[in-house]
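# My questions concern the predicted model and sequence given below.
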Amino acid sequence: MAAAATCGTGAGSTGSMVAAGGKNNVTSFQRRGPRASGSDSSYSRLVSIAGTRPSVRNGQLLVSTGLPALDQLLGGGLAVGTVLLIEEDKYNIYSSLLFKYFLAEGIINGHTLLVASAKEDPADILQELPAPLLDDNVKKDFDEDACNHKTAESNIKMKIAWRYQLLPKMEAGPVSSSRFGHYYDASKKMPQELIEASKWHGFFSPEKSSSTLNIEPCSLTHGYIKLLQFIQNIIYEEGFDGSNPQKKQKNILRIGIQNLGSPLWGDDICCTENGNSHSLTKFLYVLRGLLRTSLSACMITMPTHLIQNKAIISRVTNLSDTVVGLESFIGSERETNPLYKDYHGLIHIRQIPRLNNLIYDVSDVKDLAFKLKKKLFTIEKRVE
Amino acid sequence: MESVLALRGLVLLRDSVEWEGRSLLKALIKKAALGGEQVHILGCEVSEEEFRAGFDSSINSRLVYYDLFRDPLNWAQTGEALPGGPLGALQAMCKRTDPGPVTVALDSLSWLLLRLPCAALCQALCAMSRQHACRGGGPAAEQLCVLGLLHRELHGPGPTGALSSLAQTEVTLGGTAGQASAHILCRRPRQRPPLETLWFSVLPDLSLDLQGGPPLESQPHPDPHTPQVEPASHLTFNLHLSKREREAKDSLTLPFQFSSEKQQALLRPGPGPATSRIFYEPDAFDDLDPEDPDGDLDV
């Protein structure tokens, strides 16, 4: 029983369904991947949620973050039921771009979106999403980029030793549109009909929390309470936690929360050192509980460079599952350093979760930099 | 400076003890009033007479002034004060603006920041532009400009950082040798923020005089301490090839590339073993044992 239960949870966050179906099996070992005859029907239905795939390492259900390079660094994608925290860069340019990629990926895959923000109206955020790159345009863009890159450098031909010449060339660009992660064109906007066809819920903090009561310290600020209630209602009403038996196809809820912790949410951790330091951490704790019991994935961007009390940052990191920090070179002395001239900033993978696993899925590359070309956002290992 | 007034939204004027910003604020107000916009002023730090000094009567008649200096806590109960304290005053101000381009000047934002919780002030500032957009029908970005005077020595990094993240434009006043300068940072939503430095002076009639560049005796570069890092200097190997070396390199055949000459050479029976030999002359210190030439038997 215990062995069956642990195997069941190993197959995904909603492993309870699998365990229930698995009672018919005699053995407690379950094979990964699609099986032929005698397969568990509920398991195959689980895998067929659009836009998800099981992880190759432990079968955890993954969704794409919208950026295939980031998916690769996170071990295949963002696990369903977890929180991805993005530490914003100083001028909030690249973190908002990652946020938009996450939402755009949800629209392309047909997931339900929940967008929460205190600064911009969620409807305005959705209007600004990048357009997906279609197959026939993609190869053209990639070749264009490759040509520009080559002509910029001097033409030094490299002679390759024989064993590498015979190997097939690695496909660096996107190949098909039906695979897991998609590429987006940051210079174009998503077509209106795709946005209208998608299902989304918006939470705009100034509208929802109109009262300015003084709440006692060490409790959640008003904006956070309202947001948690909103998320809980959506999860319950739309059946993402399995409460309402869903007759229709199961779907993933993508939650995007922008600028969490900024003063616009009513939280003052960015303003003072001795503010209400428990509000944000309580919010993250409750949010993680909500996510773990539902088919949802959450991306939060947080201006950690403004948080005055550094202990809060480490607590927030512990309470999130995956933490990625962005550091842009704008305004810093690194902008003029020729070692960094090809890149716009650095990406730090601060934490990778250990979900149903004894080891981390950490990639061995630590020195990563990103660059926003005219259309594409690329992450590369920093080459000296 | 044209770019400062062309952009709307929250504009922070950060001054300091040496370089005061109120004259620049008044100059910007004058420019806005001459441009036909409505101007609303929340005066907290100086009295109304002192603030209005310097403006001529036509401009003075167009300014709508809310006075929080004389009686900030409303002890006189005259009824003309705005209800709700400073926060109520801010909210009431934005209710009284008509649709159209509006400039709101807060003198000063520091005064408000010291008396109100920072989070509430940030929310009120964002709400101002949003409510104005709702009433005006046009996007708030072009309609409302909020000029806030902030004394940067009064506040810690927390509140100034929070306000900077909200502001569309930050103007930091500084200067050298009697000449004032303004470092202007505009945050654009999707692009890198450009940083400009303008040298200016405010004339007695509150008009702006922009100088072209810094005066001669100022320092040449804001941070001269980081020289350009040249990664390819002081190397112990040669990164560049001369023409002759490059030709030699190109004509070299790689070890695993089978050209026809190599194939023939390998197929041909090689010359006998007498072509290569090792000659060895034992010297005085060698002690070779003829039964154990390698010296590794443990005897």
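Here it is on my side, so go on. Numbers count the residues shown, from 1 in each chain, chains lettered A, B, ... in the order given.

# Just give me the residue closest to the centre of chain B.
By C-alpha atoms, centre = their mean, chain B has its centre lying nearest to B:Leu185, at 5.5 Å.

# measure that residue to chain A for me?
As for B:Leu185, its distance to chain A is 8 Å (criterion: C-beta to the nearest C-beta, to the nearest Å). Any C-beta I mention is one placed from the backbone N, CA and C, and that applies to glycine too.

# Assumed that residue was part of a strand.
Yes - secondary structure assignment (DSSP: H, G, I helix; E, B strand; the rest coil) places B:Leu185 inside a strand.

# if I pick it, what's in contact with it?
Neighbour list for B:Leu185: B:169-172, B:193-195 [criterion: C-beta atoms under 8 Å, 6 or more residues apart in numbering or on different chains].

# what bridges to it?
With DSSP bridges as the criterion, the beta-bridge partners of B:Leu185 are B:Glu170, B:Leu195.

# Give me the pLDDT for it.
For B:Leu185, the model assigns a pLDDT of 84.

# Mind jotting down where the strands sit in chain B?
Counting by DSSP state E, chain B has these strands, from start to end: B:9-15, B:38-43, B:63-67, B:102-107, B:144-151, B:169-176, B:179-186, B:195-202, B:208-211.

# Which strands border the last one, and is each parallel or antiparallel?
The strands beside strand B:208-211 in its sheet (DSSP bridges) come out as strand B:195-202 (antiparallel).

# picking that back up, and which of the contacts of B:Leu185 is nearest chain A?
Using C-beta to the nearest C-beta, the shortest approach to chain A within the contacts of B:Leu185 belongs to B:Pro193, at 5.6 Å.

# was I right about that closest one contacting B:His183?
No - the pair B:Pro193 / B:His183 is not scored as a contact, 11.6 Å apart, by C-beta atoms under 8 Å.

# Now do the contacts for the residue nearest to B:His151 when sequence neighbours are not counted.
Distances taken as C-beta to C-beta, 6 or more residues apart in numbering or on different chains put B:Ser110 closest to B:His151, at 4.5 Å, once the chain neighbours are dropped. By C-beta under 8 Å, 6+ apart, B:Ser110 lies in contact with B:45, B:149-151, B:154-155.

# Need the per-residue pLDDT for B:Ser110.
Among the per-residue scores, B:Ser110 shows a pLDDT of 93.

# do the same with the one 4 residues further on
Per-residue confidence at B:Leu114 stands at 91 (pLDDT).

# And for the one 5 residues further on?
In this model, B:Ala119 is scored at 88, pLDDT.

# burial count for it?
25 (other C-beta atoms under 10 Å in any protein chain shown).

# which element is A:Ile349 on?
The secondary structure element spanning A:Ile349 is strand A:345-351 (assigned by DSSP states H and E).

# that older thread, could you give me the ChimeraX syntax to select whichever of the contacts of B:Ser110 are buried?
Once 16 or more other C-beta atoms under 10 Å in any protein chain shown is used to decide burial, the buried members of the contacts of B:Ser110 can be selected in ChimeraX as follows:
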select /B:149,150,151,155
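
# Please produce CSV containing the contacts of B:Ser110, extended by pLDDT.
Shown next, in CSV, are the contacts of B:Ser110 (pLDDT from 0 to 100):
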residue, pLDDT
B:Glu45, 90
B:Leu149, 93
B:Leu150, 93
B:His151, 92
B:Leu154, 91
B:His155, 91
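
# all helices of the chain, in order?
Unless you meant another one, I'm taking chain A. Secondary structure of chain A (DSSP state H): helices located at A:2-10, A:15-21, A:41-47, A:68-73, A:94-109, A:122-127, A:135-152, A:162-165, A:192-197, A:205-208, A:222-237, A:279-292, A:310-319.

# ah, I was thinking of chain B
Here chain B has its helices, by DSSP H, at B:2-6, B:22-34, B:48-52, B:57-62, B:85-95, B:109-115, B:118-136, B:140-143, B:157-166, B:243-250, B:260-267.

# Can you add distance to A:Ser198 and give those back as a markdown table?
Output for the helices of chain B, formatted as a markdown table (distance: least, C-beta to C-beta, whole Å):
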| stretch | distance to A:Ser198 |
| --- | --- |
| helix B:2-6 | 36 |
| helix B:22-34 | 42 |
| helix B:48-52 | 52 |
| helix B:57-62 | 48 |
| helix B:85-95 | 34 |
| helix B:109-115 | 40 |
| helix B:118-136 | 25 |
| helix B:140-143 | 26 |
| helix B:157-166 | 30 |
| helix B:243-250 | 57 |
| helix B:260-267 | 63 |
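
# Any stretches of chain A with poor pLDDT?
A:1-27, A:30-47, A:135-179, A:209-218, A:244-248, A:361-364, A:383-384 (pLDDT under 70).

# quick one, what contacts A:Ile252?
By C-beta under 8 Å, 6+ apart, the residues touching A:Ile252 are A:49, A:51-52, A:63, A:80, A:106, A:109, A:111-112, A:240, A:295-297.

# Hmm, I typed the wrong one, I wanted A:Thr65.
Each residue near A:Thr65 by C-beta under 8 Å, 6+ apart is listed here: A:71, A:74, A:77-78, A:84, A:98, A:101-102, A:105, A:181, A:299.

# Let's have those in CSV, adding distance to B:Leu73 and neighbour count.
Formatted as CSV, those follow (distance: C-beta to C-beta, whole Å; neighbours: other C-beta atoms under 10 Å in any protein chain shown):
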residue, distance to B:Leu73, neighbour count
A:Asp71, 57, 19
A:Leu74, 55, 25
A:Gly77, 57, 24
A:Leu78, 52, 27
A:Leu84, 47, 23
A:Leu98, 47, 23
A:Tyr101, 50, 24
A:Phe102, 48, 27
A:Glu105, 53, 26
A:Gly181, 59, 24
A:Met299, 45, 25
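
# does stretch A:73-88 come close to chain B?
No - Stretch A:73-88 lies out of reach of chain B by C-beta under 8 Å from any C-beta of the partner chain, never closer than 9.0 Å.
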